[in-house]
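Novice: Sharing a sequence plus its predicted fold:
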Amino acid sequence: MHREHTTRRTASASAPRARTGEAQTAAILFVVAFGLFGLAWAGGNPAAASPDEGAHFVKAYATLDGQLSGEPFQADPTIVNPRISSWFAVSGRSYRMPARLVPPPSARCYSSDPDRTADCQDWRSPTGDLGAEVLTNTHVGTYSPFPYVVTGLAMQGADDFRSAARRGRLASLIVCTIFVGWAAVLARRRGALALAGLVLAAMPAVVFLSASLNTSGIEITSAMCFWSALLVLAREPGRGPAVAWGAVGVAGAALALTRPLGAIILPVVIATVVVHTGAAPLWTAVRRASWRARGCILLMAVACGVSFLWMSLAIPHPPIDLDLAARSLGAALRDLPVQARDIIGVFGWNDTTMPLAAYILGLLLLGVVGLVALALGTVRERVALVGLGLAAVALDLALAVLVEAQIGFGMQARYVMPLAVGLPLLAGDIVQMHVSRLRESAVRVLLAAVYYGAAVLHLTAFVANQHRYAVGATGSWLPPWDSRWSPDGGLALWLTLATVACGVLVSAANLVSRRTVLSPS
């Protein structure tokens with residue numbers, strides 16, 4: 001153990017790194033691209049074009065309006081699945097809100113048919129008093145209210161559902177971009193390959209969720225920031241930068257407060273990093289920044305306590321039918337490849353996909369970096385990486401059979417993404433740690449592949465999403481599309497913005513693959 005720790009310190013001391021200025025520029029370009037892509041998604045998507053966006057909208061409004069408990073869920077005759085109906089009856093709530101803000105029944109008219117375009121939405125004002133308060137259902141009524149504060153605040157004063165939803169999306173995107181930017185600042189400290197791990201973690205699915213009115217984007221990006229901060233503290237225990245400790249406290253608290261599962265994932269992340277680097281570096285970082293460490297630990301502990309308190313007081317728990325769980329396990333196992341695809345990017349109401357080649361590209365990028373990490377890493381680092389992969393799969397299966405099957409829903413990969421994003425981050429950290437064992441040409445090729453591949457993936461994802469809403473999933477791909485629907489501002493506006501974002505990522509690719517000079521730190 002002592003010999004392995006010494007080897008790690010020696011490797012770190014002699015590891016070639018990108019020049020500071022160029023690594024910093026690459027980090028800035030990546031964050032700018034993330035924000036621009038997110039803005040294109042937020043503006044280019046039709047209203048209610050992400051899972052449960054209307055339900056989250058109602059919850060966000062009610063939270064800022066001070067309606068924490070709500071009223072009993074009003075029966076919805078359109079729900080035919082008895083398990084879903086029973087679950088909504090205990091997890092849902094009804095809140096009072098102005099009639100002008102209520103999502104219309106047509107908001108998600110396309111959600112069950114990938115070939116149905118978004119022109120089926122009807123935004124004509126309903127008859128009656130638009131300022132009158134009406135009871136509105138949401139099946140996420142018992143969710144933790146804390147992540148809705150920012151989005152709910154942004155929605156105040158809006159004239160209708162569409163404008164309020166856009167404001168909420170923008171608020172979510174700003175928070176998520178801050179977390180991603182914070183993570184990029186931390187990853188840049190480690191080097192270009194550690195930053196490449198963050199680029200891979202920010203798959204199109206992350207951008208889509210960050211630019212949607214729900215809690216998943218904040219949950220995932222805060223986890224990315226928390227992972228990055230712990231890795232910096234573990235690799236730089238002697239310095240323990242304040243920016244890393246701040247990220248541990250703020251991102252850790254945010255992750256814990258999004259939902260109780262986030263509070264459960266926190267110790268799993270910490271344990272994984274301990275296995276990854278050993279306990280001694282983190283303990284050294286804690287001792288050398290005692291007041292910062294105590295403050296961050298206290299903040300996370302309070303956040304976890306509050307989250308668990310809300311869970312015990314307000315969140316119902318479905319009764320577990322072990323026979324149903326056992327019968328559901330086979331389907332959950334067969335669904336794992338679909339979950340891997342979802343982590344790269346499935347959009348809309350889990351019905352909008354990219355061409356198969358895009359998923360192959362995403363899996364190749366993740367797989368190559370992962371395999372390089374396994375080839376270069378120490379035994380401890382390999383155990384951490386493989387163990388994290390197994391933990392993510394185990395959590396996916398547990399949620400699929402013990403939660404989702406019990407309430408009548410299918411598993412969605414976004415629930416485990418706060419854990420899964422650690423895989424490319426760990427892999428990037430390992431490759432960065434042992435980069436001196438690679439030829440400089442190989443490093444350049446690897447960095448180019450990550451950035452160019454990410455640029456292609458993100459632009460493909462945005463175009464595929466727009467295609468689905470404009471002409472339907474099976475509509476012609478040949479331009480110009482015979483669009484039956486276009487977003488506010490026109491498709492050209494948001495497509496241009498996404499193209500600019502792609503160009504920014506390509507600029508970062510050119511920087512790290514052609515001009516980066518690797519030299520001992």
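Specialist: Arrived safely, thanks for sending.

Novice: Can you list the low-confidence ranges for the stretch 151-300 of the chain?
Specialist: 239-240 (pLDDT under 70).

Novice: Apply 90 and report the result again.
Specialist: 156-157, 159-160, 189, 236-242, 284-293 (pLDDT under 90).

Novice: That one: helices as residue ranges?
Specialist: Applying DSSP state H, counting those that start in this stretch to the stretch 151-300 of the chain gives helices spanning 161-190, 192-201, 204-210, 216-235, 242-258, 260-277, 279-288, 290-314.

Novice: Output these in TSV; the columns should cover mean neighbour count and distance to residue 441.
Specialist: Bear in mind the C-beta positions are built from the backbone N, C-alpha and C, glycine included. Formatted as TSV, those follow (neighbours: other Cβ atoms under 10 Å; distance: least, Cβ to Cβ, whole Å):
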stretch	mean neighbour count	distance to residue 441
helix 161-190	23	21
helix 192-201	29	14
helix 204-210	27	29
helix 216-235	28	25
helix 242-258	23	32
helix 260-277	20	28
helix 279-288	16	31
helix 290-314	16	41
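
Novice: right, and those helices - which one's nearest residue 91?
Specialist: For residue 91, the closest of the helices of the stretch 151-300 of the chain is helix 290-314, at 9.8 Å, according to Cβ to Cβ.

Novice: What residues does the closest residue in space to residue 122 that isn't next to it in sequence make contact with?
Specialist: Excluding the flanking residues, the one nearest residue 122 by Cβ to Cβ, 6 or more residues apart in numbering is residue 106, at 4.3 Å. By Cβ atoms under 8 Å, 6 or more residues apart in numbering, the contact set of residue 106 is 120, 121, 122.

Novice: need the helices of the stretch 151-300 of the chain in TSV with distance to residue 42, can you?
Specialist: Shown next, in TSV, are the helices of the stretch 151-300 of the chain (distance: least, Cβ to Cβ, whole Å):
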stretch	distance to residue 42
helix 161-190	4
helix 192-201	20
helix 204-210	9
helix 216-235	10
helix 242-258	19
helix 260-277	23
helix 279-288	37
helix 290-314	27
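
Novice: Nearest to residue 398, out of those?
Specialist: Once these are compared by Cβ to Cβ, helix 260-277 is nearest, at 10.7 Å.

Novice: who touches residue 404 in this structure?
Specialist: Residue 404 makes contact with 410, 411, 412, according to Cβ under 8 Å, 6+ apart.

Novice: so who does the first one touch?
Specialist: Residues in contact with residue 410, defined by Cβ under 8 Å, 6+ apart, are 335, 350, 400, 404.

Novice: Filter the contacts of residue 404 down to the ones in helices?
Specialist: Counting by DSSP state H, none of the members of the contacts of residue 404 fall within helices.

Novice: and of those, the nearest to residue 151?
Specialist: residue 412 (19.8 Å).

Novice: returning to what we had before: where's the dip in pLDDT among the contacts of residue 404?
Specialist: Checking pLDDT across the contacts of residue 404, the minimum falls on residue 410 at 89.

Novice: Against residue 202, how distant is residue 451?
Specialist: Applying Cβ to Cβ, to the nearest Å, the value for residue 451 to residue 202 is 12 Å.

Novice: related to what we said a few turns ago, out of the helices of the stretch 151-300 of the chain, the one nearest residue 510 is which?
Specialist: Comparing the helices of the stretch 151-300 of the chain by Cβ to Cβ, helix 192-201 comes nearest, at 13.0 Å.

Novice: Against which helices or strands is that closest one packed?
Specialist: helix 20-44, helix 161-190, helix 216-235, helix 356-376, helix 422-433, helix 440-471 (3 or more Cβ pairs under 8 Å, 6 or more residues apart in numbering; DSSP states H and E).

Novice: can you give me the angle that helix makes with helix 356-376?
Specialist: 140 degrees (axes from the mean of the first three to the mean of the last three Cα atoms, to 10 degrees).

Novice: Adding distance to residue 69, write the contacts of residue 404 out as CSV.
Specialist: Listed next are the contacts of residue 404 as CSV, based on distance: Cβ to Cβ, whole Å:
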residue, distance to residue 69
410, 29
411, 29
412, 27
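
Novice: In the contacts of residue 106, which residue is surrounded by the most others?
Specialist: residue 121 (19 neighbours; other Cβ atoms under 10 Å).

Novice: will you turn the helices and strands packed on helix 192-201 into JSON lines that also has distance to residue 143?
Specialist: As requested, the helices and strands packed on helix 192-201 are exported to JSON lines (distance: least, Cβ to Cβ, whole Å):
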{"stretch": "helix 20-44", "distance to residue 143": "21"}
{"stretch": "helix 161-190", "distance to residue 143": "15"}
{"stretch": "helix 216-235", "distance to residue 143": "11"}
{"stretch": "helix 356-376", "distance to residue 143": "30"}
{"stretch": "helix 422-433", "distance to residue 143": "24"}
{"stretch": "helix 440-471", "distance to residue 143": "26"}
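
Novice: Show me the helices in the stretch 1-150 of the chain, by range?
Specialist: 2-14, 20-44, 53-64, 82-91, 148-155.

Novice: how far is the longest one from where the chain is centred?
Specialist: Here the centre of mass of C-alpha atoms in helix 20-44, compared against the chain's by Cα atoms, centre = their mean, to the nearest Å, lies 15 Å away.

Novice: and if you look at the fourth one?
Specialist: On the basis of Cα atoms, centre = their mean, helix 82-91 is displaced by 27 Å from the centre of the chain it belongs to.

Novice: And for the shortest one?
Specialist: The chain centroid and the centroid of helix 148-155 are separated by 18 Å, computed with Cα atoms, centre = their mean.

Novice: What residues sit buried inside that helix?
Specialist: 148, 150, 151, 152, 154, 155 (16 or more other Cβ atoms under 10 Å).

Novice: How about the contacts made by the second one?
Specialist: When you say that, I think you mean residue 150. 171, 172, 175.

Novice: What about residue 371, how many residues nearby?
Specialist: Quick note: residue 371 (other Cβ under 10 Å) scores 11 neighbours.

Novice: Could you report the separation of it from residue 233?
Specialist: 27 Å.

Novice: do residue 254 as well
Specialist: 18 Å.

Novice: try residue 299
Specialist: On the measure of Cβ to Cβ, residue 299 and residue 233 end up 15 Å apart.

Novice: same thing with residue 175?
Specialist: Distance from residue 175 to residue 233, by Cβ to Cβ: 23 Å.

Novice: what do you get for residue 79?
Specialist: Residue 79 is 47 Å from residue 233, by Cβ to Cβ.

Novice: Just the closest of the buried residues of helix 148-155 to residue 446, please.
Specialist: Using Cβ to Cβ, the buried residues of helix 148-155 come closest to residue 446 at residue 150, 36.7 Å.

Novice: Mind pulling up the pLDDT for that closest one?
Specialist: 94.

Novice: cool, and residue 519?
Specialist: Residue 519 is given a pLDDT of 40.

Novice: What count of nearby residues applies to the residue lying closest to residue 407 once chain neighbours are set aside?
Specialist: Spatial nearest neighbour of residue 407, chain neighbours left out: residue 87 (3.9 Å); criterion: Cβ to Cβ, 6+ apart. Other residues near residue 87 come to 20 when the count uses other Cβ under 10 Å.
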